[in-house]
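> turn this into a structure:
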Amino acid sequence: MDYYRDEKINGRIYHRYQTEPIRIGGMLEAVFEIDAFFDRLGYPFPGTESHYFIKHEKTQRIKMTRKLSDEEMLKNNGEQGTFIIRVEQRQHSSWQGKVTWVEEGKTENFRSALELLKMIDGALDGRDIKEDAEEDNQERAV
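This is a model prediction of the structure:
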């Protein structure tokens, strides 16, 4: 993330199949871009199929060639924070995986895209990466 103020962000997304970053102007845009990338890649396979009110063409899976090594990707740090997101599954119309906050060396699991966004927002806002997730879990338990 390159810019964060009052829950507004700007940043870049890097992945190993493209040398240029995908520029994002918000958290929701980041989710859409990453989800579209997964659809093109065909992995992780979505557990549910999307339905639309208007005609929508299915995304064609394409064979992608690795263009960046892990070391090259890790050279691209954000000005406000760098997060490595590893989505392991797409179940229940959301994501499950791990997020690493590079600057703090912390890795946590997330069970949904919303929980991931709360973790990143909390980290950028000066809270611990897991703090928001734990608060969310306590709210569900009540």
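
> just the C-alphas of the helix or strand hosting residue 108, formatted as CSV.
Here residue 108, judged by DSSP states H and E, is contained in strand 106-110. Taking Å, rounded to 0.1, in the frame of the first residue of the first chain, the C-alpha atoms of strand 106-110 are listed here in CSV:
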residue,chain,number,x,y,z
LYS,A,106,3.7,-11.3,11.2
THR,A,107,1.6,-13.9,9.4
GLU,A,108,-2.0,-14.6,10.2
ASN,A,109,-4.8,-16.8,8.7
PHE,A,110,-7.9,-15.2,7.3
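
> that strand: which residues count as buried?
108, 110 (16 or more other Cβ atoms under 10 Å). For the C-beta atoms, the positions are set from N, CA and C on the backbone; glycine is no exception.

> for residue 7, see how far away residue 39 is.
With distances taken as Cβ to Cβ, to the nearest Å, residue 39 is found 27 Å from residue 7.

> which one of these two has more residues nearby?
residue 39 (17 against 10; other Cβ atoms under 10 Å).
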